[in-house]
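> Sharing a model that was predicted from the sequence below.
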Amino acid sequence: MELISKSKTGKKERPVKVLQFGEGNFLRGFVDYMIDIANEKGEFDGDIVLVKPIEFGTLDRFHAQESQYTVSLRGIVDGEATVQNRIVTSVTDVVAAHEEYEKYSAYAKLDTLRYIVSNTTEAGIVYDENDKLEMCPPMSFPGKLAKFLYERYKHFNGAMDKGLVMLPVELIDDNGIHLKECVLKQADNWNLETEFKTWIEEACIFCSTLVDRIITGYPREEDAKLWEEWGYKDELTVTGEPFALWVIECPKDISGELPLDKAGLPVIYTDNQKPYKQRKVRILNGAHTSFVLASYLAGNDIVLESMKDETVFNFMKTTIFEEVIPTLTLPKQDLIEFAEAVITRFNNPYVKHALLSISLNSVSKWRARCMPSFLGYIELNKELPKCLTFSLAALMAFYKGTEIRDKALIGHRDGQEYNIMDDMAVLEFFAANSEKPSKEFAAAFLSNEEFFGQDLTKISGLVDTIAGYLDEIAAKGMRKTLEELV
């Protein structure tokens with residue numbers, strides 16, 4: 001069976017408008033997929049070149065397939081289990097920044113280039129004082145970008161119409177703002193001319209973005225079956241869910257030149273992405289954090305199994321619709337529609353999302369994802385939210401253990417061990433406190449300002465309520481306690 005290639009896809013070559021730092025599954029199943037659709041619909045006429053920004057790894061599979069690949073989106077659409085396959089032809093080439101520096105740096109001088117997309121992990125947007133201008137290339141992503149932009153600035157003699165638009169998708173708050181700060185800091189470190197920094201400020205645009213799509217990656221267990229069905233071999237296949245959202249916060253409106261929304265794509269251009277970020281963190285991520293630990297102790301192992309469990313499902317719905325949504329600022333109908341989409345996503349039969357993998361670092365996750373809704377509910381209603389309060393007790397029950405082994409606290413469910421993964425200070429706290437009487441345990445946990453940024457024991461009735469839930473879980477088990485709660 002032959003590999004997919006440009007001759008097989010009939011790729012139309014277009015001007016290179018996008019340079020993308022990162023060749024991983026997410027960007028290929030999200031950004032490159034969207035640009036491919038925009039090309040097809042006549043709303044964008046541009047190709048993408050992928051950059052391998054690190055020394056590790058190889059681009060052999062990309063070269064073998066001429067950067068052509070398939071995206072297979074699988075999930076619930078309009079109530080039906082659906083598979084949507086698309087051959088993506090928007091990527092025209094790949095380049096290794098370290099091994100092929102001259103080819104890579106030549107793109108800085110490309111007249112048609114307009115956009116820089118990046119996904120270099122959350123640790124990628126970090127200033128590195130050890131980067132030098134003479135390095136080919138500098139080691140950090142901001143260092144690479146600063147030098148790339150400087151070479152473009154010099155080549156076009158500071159022309160204001162040759163600035164670039166930065167679209168980072170790294171999962172940190174205000175990613176564009178932080179990236180710009182790092183680039184300007186590097187320019188200062190290298191003593192570059194003031195005119196270049198002015199060009200960065202005035203000719204270039206740094207957008208902050210929020211992305212949302214579950215990408216499940218390469219279908220290793222079923223690749224041969226898929227190739228047989230498609231009639232070609234594709235070792236770069238990307239699988240994911242149909243749902244997607246890309247919120248682009250921009251200091252200047254770029255929707256006219258990058259009209260992805262006009263191609264029917266789920267892209268929102270805004271001057272403030274924070275309400276959308278809040279919606280995602282509090283509803284999608286908050287729902288995960290609030291139910292997974294209780295669900296695991298009730299006997300479930302994956303999210304889909306939890307959604308089929310009536311007790312867990314009702315607990316989650318009550319949490320979202322009665323305790324989280326009332327505390328948010330976007331229009332209520334928008335929030336309800338987003339919440340319903342989240343529930344559809346959790347019911348995706350193609351995604352086997354393990355509860356234990358979601359459980360990692362649950363203490364800090366509860367603070368970031370659930371605590372704002374918890375406190376907001378109390379402020380609105382002058383009483384404790386039943387389900388969010390219980391989620392805190394469920395977290396404490398899940399984290400019960402006294403033995404730390406191989407950097408994990410050992411918990412027990414029905415006589416079987418499971419690993420509790422978190423910062424060592426968190427694990428050591430639970431190992432030292434989880435065997436204490438419930439009220440003492442609850443007071444110690446809730447008063448820990450390192451965990452919550454404040455002393456939660458000051459909230460009226462919280463210690464007694466949590467202690468009561470812990471005693472019920474110990475006496476009746478998690479499932480029976482949940483059933484009585486909902």
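Looks like it came in fine.
> so is the spatially most central residue of the chain in a helix, a strand, or just coil?
Most central in the chain under C-alpha atoms, centre = their mean is Leu171, positioned 5.4 Å from the mean C-alpha point. Following DSSP: H, G, I helix; E, B strand; the rest coil, we place Leu171 in the coil state.
> How about Val247?
strand.
> That one: what's it in contact with?
Taking C-beta atoms under 8 Å, 6 or more residues apart in numbering as the criterion, Val247 is in contact with 209-211, 267-268, 270, 273, 276-277. Quick note: C-beta positions are derived from backbone N, CA and C, even for glycine.
> Take these and lay them out in CSV including secondary structure and neighbour count.
Listed next are those as CSV, based on DSSP: H, G, I helix; E, B strand; the rest coil; neighbours: other C-beta atoms under 10 Å:
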residue, secondary structure, neighbour count
Thr209, strand, 20
Leu210, strand, 22
Val211, strand, 21
Val267, strand, 20
Ile268, strand, 15
Thr270, strand, 16
Gln273, coil, 23
Tyr276, helix, 19
Lys277, helix, 17
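> what's the neighbour count on Ala38?
Number of residues near Ala38 (other C-beta atoms under 10 Å) recorded here: 23.
> I figured it was touching Ala263, is that so?
Yes - with contact defined as C-beta atoms under 8 Å, Ala38 counts as touching Ala263 (4.2 Å).
> hey, what's in contact with both of those two?
Shared contacts of Ala38 and Ala263, defined by C-beta under 8 Å, 6+ apart, comprise Phe44.
> pretty sure Leu260 is touching Asn39, no?
No - with contact defined as C-beta under 8 Å, Leu260 does not reach Asn39; the gap is 10.7 Å.
> ok, the two, which is more surrounded?
Each of Leu260 and Asn39 has its neighbours counted (other C-beta under 10 Å); Leu260 has more, 23 against 20.
> which non-adjacent residue is nearest the more buried one?
Leaving aside its chain neighbours, Leu260 sits nearest to Val267 (4.2 Å; criterion: C-beta to C-beta, 6 or more residues apart in numbering).
> ok, back up a step: give me phi/psi at the residue nearest to the centre of the chain?
phi -80, psi 60 (degrees, to the nearest 10).
> what's around the nearest residue to Ala354 once chain neighbours are set aside, how many residues?
Leaving aside its sequence neighbours, Ala354 sits nearest to Ile302 (C-beta to C-beta, 6+ apart; 5.7 Å). By the criterion of other C-beta under 10 Å, Ile302 has 19 neighbours.
> can you check Ile37 too?
Residues lying near Ile37 (other C-beta under 10 Å) number 17.
> Please report the distance of it from Asp188.
40 Å (C-beta to C-beta, to the nearest Å).
> just checking, Val424 touches Asp406?
In this structure residue 424 is Met, not Val. No - with contact defined as C-beta under 8 Å, Met424 does not reach Asp406; the gap is 11.9 Å.
> Those two - which one has more neighbours?
Ranked by neighbour count (other C-beta under 10 Å), Met424 and Asp406 place Met424 first, with 10 against 6.
> how close does that one sit to Phe445?
17 Å.
> quick one: contacts for His98?
By C-beta under 8 Å, 6+ apart, the neighbours of His98 are 52, 54-55, 137.
> Need the pLDDT of it.
On pLDDT, His98 comes in at 97.
> cool, Ile172 as well?
Looking at Ile172, its pLDDT stands at 89.
> That one: how many residues sit nearby?
Neighbourhood size, Ile172 [other C-beta under 10 Å]: 16.
> quick one: it and Asp234, what's the gap?
32 Å.
> For Gln20, identify the helix or strand it belongs to.
Per DSSP states H and E: Gln20 is located in strand 16-21.
> what's that strand packed up against?
Packing contacts for strand 16-21, counted by 3 or more C-beta pairs under 8 Å, 6 or more residues apart in numbering; DSSP states H and E, involve helix 31-40, strand 47-52, strand 115-118, helix 141-155.
> what's the closest of those to Glu484?
Nearest to Glu484, of all the helices and strands packed on strand 16-21, is helix 31-40, at 45.7 Å by C-beta to C-beta.
> does Ile473 really touch Phe390, like I thought?
No - with contact defined as C-beta under 8 Å, Ile473 and Phe390 do not form a contacting pair (9.4 Å).
> Lys436 falls within a strand, correct?
No - using three-state DSSP, the assignment for Lys436 is coil, not a strand.
> ok, for it, nearest residue in space, not its chain neighbours?
Excluding the flanking residues, the one nearest Lys436 by C-beta to C-beta, 6+ apart is Ala444, at 7.0 Å.
> Next: Val211.
Val169 (4.7 Å).
> Which neighbouring residues are in contact with the one you found, exactly?
Listed by C-beta under 8 Å, 6+ apart, the contact partners of Val169 are 26-27, 30-31, 117-119, 175, 209, 211.
> Assign a three-state SS to the residue nearest to Lys436, would you?
Classification of Ala444 using three-state DSSP returns helix.
> list the contacts for it?
Counting by C-beta under 8 Å, 6+ apart, Ala444 touches 429, 433, 436.
> Could you export stretch 466-486 as PDB, CA atoms only?
Only the C-alpha atoms of stretch 466-486 are listed here, as PDB (Å, rounded to 0.1, in the frame of the first residue of the first chain):
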ATOM      1  CA  ILE A 466     -16.800  18.400  55.100                       C
ATOM      2  CA  ALA A 467     -16.200  16.300  58.200                       C
ATOM      3  CA  GLY A 468     -19.800  15.000  58.000                       C
ATOM      4  CA  TYR A 469     -19.300  14.000  54.400                       C
ATOM      5  CA  LEU A 470     -16.000  12.300  55.200                       C
ATOM      6  CA  ASP A 471     -17.700  10.300  58.000                       C
ATOM      7  CA  GLU A 472     -20.500   9.300  55.700                       C
ATOM      8  CA  ILE A 473     -18.100   8.100  52.900                       C
ATOM      9  CA  ALA A 474     -16.100   6.100  55.500                       C
ATOM     10  CA  ALA A 475     -19.300   4.500  56.900                       C
ATOM     11  CA  LYS A 476     -21.400   3.900  53.800                       C
ATOM     12  CA  GLY A 477     -18.900   4.100  50.900                       C
ATOM     13  CA  MET A 478     -18.700   6.700  48.100                       C
ATOM     14  CA  ARG A 479     -21.600   5.300  46.000                       C
ATOM     15  CA  LYS A 480     -24.200   5.200  48.700                       C
ATOM     16  CA  THR A 481     -23.200   8.700  50.000                       C
ATOM     17  CA  LEU A 482     -23.400  10.100  46.400                       C
ATOM     18  CA  GLU A 483     -26.800   8.500  45.900                       C
ATOM     19  CA  GLU A 484     -28.200  10.100  49.000                       C
ATOM     20  CA  LEU A 485     -26.600  13.500  48.100                       C
ATOM     21  CA  VAL A 486     -28.200  13.700  44.600                       C
END
